[in-house]
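Participant: can you look at this prediction? I've put the sequence above it.
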Amino acid sequence: MKVKDIMSSPVYLIASNEPISRARNLMLKHGISRLVVIEKDMTKEATSRSPEVISVGVVTKTDISERLDQAEPKWRRRPIGNIPISVVMSSDAVTIYPDATTKQAAEILLENNISGLPVVRIKTDRNLIGIITKLDLIRYYSTLDDTTIVDDIMEQFFVTVHRHHSISHVIHEMKSNEVDKTVVVDDSNQPVGTITRTDLAMNKMTNPKG
């Protein structure tokens, strides 16, 4: 199976000078976890089908949840939603070609510890035609006959945080342990919930050090 057969299209775009609040709104509206960042200003919502698109990076829920904790002091004085995308985005996104295989896509995602790959026509072409994510691969592989059981592939390592820990502590634990989710425990060390990067990114915090 080729990447072009299961990729998502169109790709939703955001300008580098737009605020994080707009990125959140687009992610929530379209049920997505990442946006491709472009240079030009936009007067209306744009996708990879829009003309003259030049991509300069990618912003994900992970970027929003993790990198705000490292933002320059001058940005920390602003409400998080007003911080421009350029502060938290990842530049020089790893890309893939439409004729690559799903196996190659999975290998690139694992090797780079990322969850999505913009799909471009040729190496020098930054005009997007789609994006392939871990979710796209999960959907594809779920249609195949497989006798694998949960116990064969589950990750036995997990990170816990106390329900009274700060958000900054949660972000630090996720980053240092390279996980996307933490288990929240109470004083008896019993699980009471989870926090994911999506929870952090979509939460309307006004102080990333809270």
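Facilitator: Alright, I've got the coordinates.
Participant: give me the low-pLDDT residue ranges for the protein?
Facilitator: Low-confidence segments of the chain, defined by pLDDT under 70, are located at 40-54, 67-80, 122-127, 203-210.
Participant: and the residue in it sticking out farthest from the centre, how far from residue 162?
Facilitator: Ranked by distance from the centre of the chain (Cα atoms, centre = their mean), the top residue is residue 188, with 33.0 Å. According to Cβ to Cβ, to the nearest Å, residue 188 and residue 162 sit 11 Å apart. Where you see a C-beta, it was placed from the backbone N, CA and C, and this is true even at glycine.
Participant: for this structure, what spans make up the helices?
Facilitator: 3-6, 20-30, 61-67, 73-76, 85-88, 102-112, 134-141, 150-153, 167-177, 197-202 (DSSP state H).
Participant: now these as CSV including distance to residue 36 and mean neighbour count?
Facilitator: Shown next, in CSV, are the helices of the chain (distance: least, Cβ to Cβ, whole Å; neighbours: other Cβ atoms under 10 Å):
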stretch, distance to residue 36, mean neighbour count
helix 3-6, 16, 17
helix 20-30, 11, 17
helix 61-67, 12, 23
helix 73-76, 22, 11
helix 85-88, 11, 20
helix 102-112, 16, 15
helix 134-141, 15, 15
helix 150-153, 30, 7
helix 167-177, 23, 16
helix 197-202, 17, 20
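Participant: any idea which residue sits dead centre in this structure?
Facilitator: residue 60 (3.1 Å).
Participant: so who does the nearest residue to it once chain neighbours are set aside touch?
Facilitator: Closest residue in space to residue 60, ignoring its immediate chain neighbours: residue 34 at 4.2 Å, by Cβ to Cβ, 6 or more residues apart in numbering. By Cβ atoms under 8 Å, 6 or more residues apart in numbering, the contact set of residue 34 is 27, 58, 59, 60, 61, 115, 116, 131, 133.
Participant: quick one: which of the residues you listed sit in strands?
Facilitator: 58, 59, 60, 116, 131, 133 (DSSP state E).
Participant: and of the residues you listed, the nearest to residue 21?
Facilitator: Nearest to residue 21 among those is residue 59, at 12.4 Å by Cβ to Cβ.
Participant: neighbours of the closest one, how many?
Facilitator: Neighbourhood size, residue 59 [other Cβ atoms under 10 Å]: 27.
Participant: ok, now how distant is the closest residue to it other than its chain neighbours from residue 35?
Facilitator: Distance criterion Cβ to Cβ, 6+ apart; nearest residue to residue 59, sequence neighbours excluded, is residue 89 at 4.3 Å. Using Cβ to Cβ, residue 89 is found at 9 Å from residue 35.
Participant: what is in contact with the two at once?
Facilitator: Residues touching both residue 89 and residue 35 (Cβ under 8 Å, 6+ apart): 58, 59.
Participant: returning to what we had before: which one of the contacts of residue 34 sits closest to residue 168?
Facilitator: Nearest member of the contacts of residue 34 to residue 168, counting by Cβ to Cβ, is residue 61, at 17.2 Å.
Participant: now do the same contact list for the residue lying closest to that closest one once chain neighbours are set aside.
Facilitator: Excluding its sequence neighbours, the residue lying closest to residue 61 (Cβ to Cβ, 6+ apart) is residue 201, at 3.8 Å. When contacts are counted by Cβ under 8 Å, 6+ apart, residue 201 touches 24, 27, 61, 62, 64, 65.
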